[in-house]
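Chemist: everything below, folded, please.
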Amino acid sequence: MHILVLGGTRFVGLHVVEAALAAGHRVDVFSRGSSPIPPGTRHVRGDRDGDLSGLDGDWDAVVDVSAYLPRQVRASAERLSGRARRYLFVSTGAVYDLERAAPPVREDAPLRSLDDPTSETIDAATYGGLKVLCERAAEEAFAGEVLSIRPTFVVGPQDYTDRFTWWLRRVRRGGRMVAPVEPSLPLAFVDGRDLGRFTVRLAEGDAVGAVNASGPALRTTWGEVLALARDVTGSDAEFVWLPEAFLREREALPSRLPMVVPFRWRDNEPFSLERALGLGLEHTEVADTIRDTLAWHDAHGEATAGLDEVAEAELLRAWRIR
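Modeler: The predicted structure follows:
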């Protein structure tokens, strides 16, 4: 197959490219060239917000991993309509309206909407709704030939966001540490390498519509993942579980403790994996993801997320005297 990846130079896009090359496919990468172009690919220079003239070839499938705004998807999909057979859009599990959905959330669950669909402000309140509009823009141009892939948090090597990695580093450092809400709080994430391989497998097939791309293979919780990280790193971390109301009062949620989604559900798988497993999604063992993520970070990553030591100590002190 000849695959075009829109944004294939970092994290998820890079994992898609590497998986496609490993499967023997020809890969073109559309990017501005500000990041290194993966070896073995052909660079198609352009800009999602400007020059799309490079999108004048023919491809078997397009994988779009770099669009956050519906106009970006609309412009590229309209340009590529008739030049590619299928359009795979890497969306997000944040498209679901979790206030109206019931677990496990299936692909036909209610979706988010925006009060102002013309808004281009990307934040926690608009991110999911904008991705819904991106999915619809792709479908308008590639009617009946679009597959929207909806991952939850993507973690693992190459993760420049540092969200999951911060928790792993914090556990490795040991001592008393802030832990979110309660040990039974569900946690849903997928290793970026698994998402890359799954995306290529989907490109090779003919599935359309939407598919959740979550994990791990078995339902897990914050308590289980943090305990596993402690075992893997050999640390002496002691978890202090702080209630959601307190964390919000102290402004640790929603942004200073990454990946914490206070699901009101307990003892449920948050997202249905029935369709994904049927289409070939496979999962790396969580312990391997933890080891590989820390190894990549130690060699290449930067610390950009989470509470710093002073802020965490103050949070623990405030809870102790409360």
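
Chemist: strands of this protein, residue ranges please.
Modeler: Taking DSSP state E, the strands of the chain run over residues 2-6, 26-31, 42-45, 59-64, 84-90, 146-151, 153-155, 176-180, 186-187, 189-191, 209-213, 220-221, 238-242.

Chemist: tabulate those (JSON lines), appending mean pLDDT and mean neighbour count.
Modeler: (C-beta placed from N, C-alpha, C; glycine too.) Below are those laid out as JSON lines (pLDDT from 0 to 100; neighbours: other C-beta atoms under 10 Å):
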{"stretch": "strand 2-6", "mean pLDDT": "98", "mean neighbour count": "26"}
{"stretch": "strand 26-31", "mean pLDDT": "97", "mean neighbour count": "22"}
{"stretch": "strand 42-45", "mean pLDDT": "96", "mean neighbour count": "16"}
{"stretch": "strand 59-64", "mean pLDDT": "98", "mean neighbour count": "24"}
{"stretch": "strand 84-90", "mean pLDDT": "97", "mean neighbour count": "24"}
{"stretch": "strand 146-151", "mean pLDDT": "98", "mean neighbour count": "25"}
{"stretch": "strand 153-155", "mean pLDDT": "97", "mean neighbour count": "25"}
{"stretch": "strand 176-180", "mean pLDDT": "97", "mean neighbour count": "20"}
{"stretch": "strand 186-187", "mean pLDDT": "94", "mean neighbour count": "22"}
{"stretch": "strand 189-191", "mean pLDDT": "98", "mean neighbour count": "25"}
{"stretch": "strand 209-213", "mean pLDDT": "98", "mean neighbour count": "22"}
{"stretch": "strand 220-221", "mean pLDDT": "94", "mean neighbour count": "16"}
{"stretch": "strand 238-242", "mean pLDDT": "98", "mean neighbour count": "16"}
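
Chemist: residue 250: which of those strands is closest?
Modeler: When the strands of the chain are compared by C-beta to C-beta, strand 238-242 sits nearest residue 250, at 8.4 Å.

Chemist: contacts for that closest one, please.
Modeler: With contact meaning C-beta atoms under 8 Å, 6 or more residues apart in numbering, strand 238-242 is reached by 175-183, 223, 226-227, 252, 315-316, 319.

Chemist: convert the C-alpha atoms of stretch 105-113 to CSV, please.
Modeler: Output of stretch 105-113 as CSV, limited to C-alpha atoms (Å, rounded to 0.1, in the frame of the first residue of the first chain):
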residue,chain,number,x,y,z
VAL,A,105,-19.0,3.8,26.1
ARG,A,106,-19.7,2.4,22.6
GLU,A,107,-19.0,4.1,19.3
ASP,A,108,-22.7,5.1,19.0
ALA,A,109,-22.8,6.9,22.3
PRO,A,110,-23.9,10.6,22.5
LEU,A,111,-21.2,13.0,21.3
ARG,A,112,-20.2,16.4,22.5
SER,A,113,-21.3,19.6,20.9
